[in-house]
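Student: Task: produce atomic coordinates for the following.
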Amino acid sequence: MKISLLSTPLLFSLSTAFNPPPLPSLAPWEVTSLYVWTPPGRPGEHPLARISLSISDPNTIKLGQTPWDSAVGFGPTTATCSVRWLYVSASRGFFDPVPCGDVNTALWSVSYHPNTTSASTNFGLRFALQEAVILRNGAIEELKFEGEGWFKVGYGNSTEENMSGSCGGSGQCGWGLRADRTPVIVEQQLVSRACLVGDCQAAYNA
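Tutor: Modelled structure (predicted):
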C-alpha cells in the first residue's frame, strides 16, 4: 500500500563544504506495526495515552571502504518507538520529536504532525533518521532524512483508512494497523548531508 505523504515542504540543504557522490535510489521506509491506546475518562483514572510502532529502513548505502577494504556506510535498520503523553484532548499529541530506542547504528525519532485531527483515529506522524559514519581517513559524514505518514481509522476500501479498533465500556480505546493496509509506506527525503569532522572530500578522492 502507498499513501500520499510529505504534505508540507521539508527543508532540503546540502553542505557546500564538500561534493559527495550522489546517493543511490532508495526504497521507502515501512511502518510495519502501530498501536494507539487512549485512557478511560472516569474520575480517578490517569489521562495518559500511548503509541507504539515499528518503522524500518530497508536500504544499504555505501560510502566507500576502510583502509582494510571493508564497507563504509549504512545498513538497514528497524526502530521501535513507544511514547506516553498527557491526553487532555482528542487532537493533542506530542509535537516535539521523541527518540526511538534500541538501534545501534542510527538515531530515529517520531512526533505528531501539527495538522493532526485526532491523535488516536486520524493523525500524521513525522519520522526523522540521523546517520553518521567515520570515513576511511577519519572524517565523519552525516546524513539526515525525514518522512511523514498518515493514519486513519476506517473500515472501507479507501487507502487512507488503514487502522481499525474499538472502545470499551470504560471509555478506553485501542487502535492498530489493519492487516490489509500493512505496511504503511513512508516516502523519505534527504534533508541534510554534511561533513561534521575532517575532510570528507579527501576520503572520496582517495
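
Student: count of neighbours near Ala106?
Tutor: 19 (other CB atoms under 10 Å). Backbone N, C-alpha and C define where each C-beta goes, glycine included.

Student: what does Ser89 give?
Tutor: Burial of Ser89, expressed as a neighbour count using other CB under 10 Å, amounts to 10.

Student: Show the pLDDT at the residue most central in space within the chain.
Tutor: For the chain, the residue nearest the mean C-alpha position is Phe127 (2.7 Å; CA atoms, centre = their mean). If you check Phe127, the pLDDT there is 98.

Student: That one - nearest residue in space that isn't next to it in sequence?
Tutor: Gly147 (5.1 Å; CB to CB, 6 or more residues apart in numbering).

Student: ok, and for the host helix or strand of the one you found, which residues are buried?
Tutor: Secondary structure from DSSP states H and E places Gly147 in strand 140-152. Across strand 140-152, burial judged by 16 or more other CB atoms under 10 Å covers 141-152.

Student: Next: stretch 59-77.
Tutor: 59, 61, 63-64, 72-74, 77.

Student: What is the most widely separated pair among the residues you listed?
Tutor: Largest separation among the buried residues of stretch 59-77 by CB to CB: Gly64 and Thr77, giving 19.5 Å.

Student: got CSV for the buried residues of stretch 59-77, with distance to Arg178 too?
Tutor: Rendered in CSV, the data for the buried residues of stretch 59-77 read as follows (distance: CB to CB, whole Å):
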residue, distance to Arg178
Asn59, 26
Ile61, 31
Leu63, 38
Gly64, 42
Val72, 40
Gly73, 35
Phe74, 31
Thr77, 25
